[in-house]
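[1] can you look at this prediction? I've put the sequence above it.
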Amino acid sequence: MKHCGWMVVIVLCGASARGVERFEAAALVDSFDFAQVKERDGRVLYDTETEAGNIAVLDHVLLTGARTILWRNCGGATVRYRSDEERWPWVEAPLDKRRLPDNRPVYGWLRYYETEPDILRHMLGVCRERGLRAGVHGPFEETHWASWTFGAWNFEHPQFWGVTPRGQVWAGRCSLAYPDVVAHKLRLADELLARGMDHLFVDLWRTGGWSPEYEYVAPEVARWRRRHGTEPPQDPRDPRWCRHVAETTHAYFVALRARLAASGRPVRLMIGVTEVDGIESDEDVTLLTRGVDWRRLVREGVVDAVVVMSAKWDERAPFESTRAIYRHVATFCAGRCEVLFPVTQYDFTKKGIPSYCRATRLAPETVAGELVKLAWEEGGDGICMECVDHNNYAPATRDTLRRLLDGPCRWKRTRALTP
Amino acid sequence: MNKLLRSHVSSGRILTAASAGVALCLAGCISSPQTDRALRVRCGRMTALTDGPGHDTEAVWSPDGRRIAFQTDRQGDWDVAVLDVADGRVTPVAAGAGHACYPAWTPDGRLVYAFGHHPMTAVQAARSGADCGYGLRVWRPDGGTSERTQGYWRDYTPSVTADGAFVYYASTRGNSGNSAGVWRVPLDGEARAACVLPLDGGTVGAVQPSLSPDGRFLLWAQLDGFRENWRLTAAAATNLQESLALTPVEMSAYAPRWSPDGRLIAFTGFRAGDPGWGVYLLEPRSGELCRLATGRGHARSPAWSPDGRELVFENNRSGFYKLYRMAIRCDPPRAQPAEAPLRLDRVEARWDAGALVDAEGTRVPGAQQAGGALRFERPAGLDFGEGAFFVDLTLVVDRHEPDTRIAAVGQYAEHALGWQVFVRENRRLFFNARGPDGRFIGIESDEPVQAGRPVRVLGIRDADGSMRLYVDGRKQAGRASGATLCYGPALSVCFGQQWNGGMRLNGKVLAFACGRGYPPGVPRIMTPARLFDGEGAP
C-alpha cells in the first residue's frame, strides 16, 4: 500500500478507535529457550527456575509489542509447574530410567516441575497484573522429540499408547480414542484454569512426532470395522483414515471447549494450524498429519480463534501469495472466529521471516513489518509471534513491530474498511 | 524415615508370615501360548512384602537370600532401605535429603546405589560450579558409605559382577545428546571408570547393564530413537559392539535381570493388547516370551531370588507400587528346528569402467551429468526386498559445502530416496535407508570426513531393519533401527548428485558395489545361535 493510502487508513482507524478492538499481538513464550542464554563473559542471563528469571523473560518478550502472552506449559508432556496429574513417576532422568537424560549444560538439569512458586500460576498472575492477556501455549504433542519429554501419566498407562499399523506400540503418546485419556487431558486443562489461564492456545503444529499413524488402537480400528465392514487403510496418510481419526480428535476439542466453559470464566480456545494454503481440500496438512479437521472446528464454533502458524506462500510471489491465503482464511473465519496471522522468526517450515528474506532479499524488520500490515489489511484479528526467544526477533525487528502495533495497526481494521 | 520404617516393620511381619508357604502353592497358571516352543511357566500366589503409602520399587534380593534392598519415596524423595525377608523388618540404608536409588548388592553384602542431591536451580549450580549429577555410592553393613563416582553427569542403574570385581552402570558422562552409555568401574581400588559401550546422539542409550552369572554376556535395555521401543539387548562381554536385540521391535521391554542359572531373563514389558506393564520371562536362545499372571495393576522390575525359584517385583494394585514376591517354575522350551539358512551373500552391482555391472555381467552405462555426476537408469540387482543389503563405496570430497551433498542414492518406486550416502553440512557422512512408511532412518559418522582424502563407506541395512555404518573399516557408534522397507527394482542410481539432479557433491565416487547380505569380512547380523552358542562366527 502506498504511503498516502496508509495515512487515510490511520485517520479512519483513529477516528473510529472508540469501541474498536485492539489488533492483537500474541507471543508464544518458551522459557526453556532462555535457560542457556549467556552474556559474552559466559554469565547465564535468565534463571528460569526463579520468579525473577521468568519476569526478565517476560520483560524481554514485551519488547516486541506483544500484549497477549501465551506461556508454554510443557515440553512434550513434562509439565512446567507443580502438577498433581503429572506428579508421578518422577519426570526426571535418571529417576525414571525410561527417560534418557538431556545432557546439555543447564537445559538438562532444569526441574520446572518442582519449582516454587508454581511457575505457571506466578507468570499468569504477573501478566494479569500488567494488563496483558494471560494465556497458555499448549502444544498438541506429548513428546518433544526426546524420551525425557514423555509424560508421567503416559508412562503409567501403556494400555492407552498409540499403535502403528504394524502393531508397534509407542510410548510417546496415549490415544484420545480412550475415554480415560480424554479425562486425563481435561484434568490437565483444569490445572491450567486453576492457575488463572484466560486463553488456551493448542498448537497443532507441535505434535512431537505423533500423527494418525499411531492411532491404529483397538477402539479406532473397531470403529472403522463397524462403519465400513473392512480393515482400515494401512497408509496412515490415507485421507479416509485421517478423517476417521479426526472424528476422535474433534470430540476431544468439543469436550475441552465444554470444560473451559464449565469454569464459569470466558476462556478463549485457540488452535494453531500449519502450512495453510487457503483452499479446503483433502490435502490439508493439519488433517493429514495431525488428524484434526480445523475447518470443522471453526464451522461448528468449537474454537474462538485460529492462529495460522505458517502459510504455503509461493516463493515467486511471496507477499502476493501470502495475501491471497490470508484473504481465504479470513473470509472462512469471518463471523465464526478470530484469526491471527504469523509473524514468525522460526523457520522450521521454511515459511517464516528468514525464508521471506531469502525470497525477497528484504531485511528481517522490513519483512516483519510487511507481514503485520498484510495481516491487518486482510482483516486479521492480530498476529502471532512464534516463539519470542532472546533476540531471535532482532532489535530492529522489535522496533518495527512496536511502531506498527502501537501506531497504524493499533486497532483492528473492520472488514468494512477492507478495499 | 523412622515413621516409614515402623510402618514397614509392623506390616511386613504379618505379610511375610502369610507368605511362608508361597513356594508350595503354585497355582499352575500358564500364561504363555500352548505351542511346542512355548516357554511354560507356572506361577505361585502373589504375596505382598510391603504396604502403606509411598512407592517401594527397584527391589533386589541379596546373594544370601535373607534381605531385599529397594527404594522408597515415602518421605518424598527416594531413599534406599533393606527388608529382612524372615521378619519383615525394614532398615534404612540411605535416607535424608537427595535421591538414593537403584540399589545393587555386592557378593559380600554391600550395596551400590545411585545418589544425587540438587538443592539449587540448574543455573545456580552451573554458576557455582556445584556438582549436580548422580554418582555411585557404596554402603557397608557397618553403616559407612563411600563415594565411588561423582560429577556433572548421571551414573545410575548399577549392577555388580558375580565375582564382585566390577560395577556396570549406565552413565551420561561425556555425552551431549539425549543419551546414556554403559560404563564400568572396579568395585574397590583406585582404578578409574571406563566407558565400555559408548552411545551418544539423539535419544539413544543403554540402561541397566548386567553381566550374566557366568560372566560371558552383558545384558541391557536399549533405546535407538524416541519413536522406538526399549528393547533388551545382549552381547558377548568381550565384544559389545556386535549386539543382539532379544525382544521384538513392537514391544516395550526394559529392566532385565538374569536368572541365577543364566537360562532366563526376567524384565518389565508391554505389548499391544496387554492390560498394562507386566513381568515377562524370556528364554534368550529361543526368544520365547511369557507374561506372568500377576493380576490387577502394573507389575514391574522383577528380580530373582538367589535360588531362582521366586521373583520379587513391584505392583500398584493398592494405589502405590509395593513389593510382592511370587514363586515360579519354568519348563524350558522344547528343542527347536535349526534356523533357516540365510540367503547367500552376493554382490549384485558394482561400478566398473563407467558402467554398473550386475551379477550376470549386464552393463548399464552411466549417463554423464553436470559436475561429473553419473546416473544409471534401471540397474538390475538392487531389488533387495526385505532382506539385508549393503552399499559399499569409496569417495573423495574435494571441498565441503554449507549444505548436504549426495555421494550416492538409489531411487525406487517405494521411495525416491530409498537409500543414500551423503555428506552433511557438518562434514559428517550419513547412510540411510527407509522404514516401511518411508521414514528416514540413518546413521551419521562419528567424525567429519577430511577433504581430499579417499574414504571408504560401508552402509548395511540388516534384515531386522537395524542399520550399521563403517567408515574406513571402523564401525561407527550410531545406531538406528526400523528400516524395514521392502525394496523393489531400482529406478535409478546416481553418483555425486540427488536422483533429481540437485545436491551435487563437490568430489567424486571412486568405487561402488552393493548387494544382498554382507560383504566379505563384515560380521552378519548377530543371531542367538551366534551369540550364545558361538555358531557361524566369521
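    Nice, I can see it.

[2] for B:L323, which non-adjacent residue is closest in space?
    Leaving aside its sequence neighbours, B:L323 sits nearest to B:L49 (C-beta to C-beta, 6 or more residues apart in numbering or on different chains; 4.1 Å). C-beta here means a position set from N, CA and C on the backbone, and glycine is covered the same way.

[3] ok, that neighbour to B:E310 distance?
    Look at B:L49 and B:E310: by C-beta to C-beta, to the nearest Å, they are 11 Å apart.

[4] tell me, what's touching these two both at once?
    Residues touching both B:L49 and B:E310 by C-beta atoms under 8 Å, 6 or more residues apart in numbering or on different chains: B:R325.

[5] so where's the stretch 151-300 of chain B uncertain?
    Counting by pLDDT under 70, the stretch 151-300 of chain B contains no low-confidence range.

[6] who in it is up against chain A?
    Contact residues (C-beta under 8 Å from any C-beta of the partner chain) of the stretch 151-300 of chain B with chain A: B:152-154, B:156-157, B:170, B:172, B:175-180, B:202-205, B:207-208, B:221, B:223, B:226-227, B:229-230, B:249-252, B:254-255, B:270-277, B:298.

[7] if we use 7 Å, what do you get?
    The stretch 151-300 of chain B comes close to chain A at residues B:154, B:156-157, B:172, B:175-180, B:203, B:205, B:207-208, B:223, B:226-227, B:229-230, B:249-250, B:252, B:254, B:270-272, B:274-277, as judged by C-beta under 7 Å from any C-beta of the partner chain.

[8] now, of these, which are buried?
    B:154, B:156-157, B:172, B:175, B:177-180, B:203, B:205, B:207-208, B:223, B:226-227, B:229-230, B:249, B:252, B:254, B:270-272, B:274, B:276-277 (16 or more other C-beta atoms under 10 Å in any protein chain shown).

[9] would you confirm that B:L246 contacts B:A234?
    Yes. Contact criterion C-beta atoms under 7 Å: B:L246 and B:A234 qualify, at 5.8 Å.

[10] that older thread, return the subset of the residues of the stretch 151-300 of chain B next to chain A lying in strands.
    Counting by DSSP state E, those place B:Y156, B:T157, B:S179, B:A180, B:G205, B:V207, B:Q208, B:L223, B:S252, B:Y254, B:F270 in strands.

[11] skipping its backbone neighbours, what lies nearest the last one in space?
    The one in question is B:F270. Nearest one to B:F270, counting by C-beta to C-beta, 6+ apart, is A:P158 at 4.2 Å.

[12] near the one you found, how many other residues are there?
    By the criterion of other C-beta atoms under 10 Å in any protein chain shown, A:P158 has 21 neighbours.

[13] same deal with B:P528?
    Residues near B:P528, counting by other C-beta under 10 Å, number 18.

[14] that one and chain A, how far apart?
    Per C-beta to the nearest C-beta, to the nearest Å, B:P528 is found 21 Å from chain A.

[15] quick check: phi and psi at that residue.
    B:P528 adopts backbone torsions of phi -60, psi -40, taken as degrees, to the nearest 10.

[16] which residues does it contact?
    Residues counted as contacts of B:P528 (C-beta atoms under 7 Å, 6 or more residues apart in numbering or on different chains) are B:L244, B:P284, B:R285, B:G287.

[17] so which of those residues is the closest to chain A?
    For the contacts of B:P528, the closest approach to chain A (C-beta to the nearest C-beta) belongs to B:G287, at 16.8 Å.

[18] next, count neighbours for the closest one.
    B:G287 is flanked by 17 other residues according to other C-beta under 10 Å.

[19] B:D472 too?
    Number of residues near B:D472 (other C-beta under 10 Å) recorded here: 13.

[20] what touches both of B:L246 and B:A234?
    The contact sets of B:L246 and B:A234 overlap at B:P284 (C-beta under 7 Å, 6+ apart).

[21] please name the nearest non-neighbouring residue to residue 282.
    No chain specified, so I'll use chain A. Per C-beta to C-beta, 6+ apart, closest to A:D282 is A:P239, 4.1 Å.

[22] my bad, chain B
    Nearest-residue entry for B:L282: B:I265, 4.5 Å, with adjacent residues in sequence omitted and distances by C-beta to C-beta, 6+ apart.

[23] next one: phi and psi at the one you found?
    Note on B:I265: its backbone torsions stand at phi -130, psi 130 [degrees, to the nearest 10].

[24] equivalent analysis for A:C333, please.
    According to degrees, to the nearest 10, the main-chain angles of A:C333 amount to phi -80, psi -20.

[25] how about the residues of the stretch 101-250 of chain A by chain B?
    Within the stretch 101-250 of chain A, the positions adjacent to chain B are A:101-106, A:109-110, A:143, A:145-148, A:158-159, A:163, A:166-172, A:209, A:213, A:236 by C-beta under 7 Å from any C-beta.

[26] A:T248: which element?
    helix A:239-261 (DSSP states H and E).
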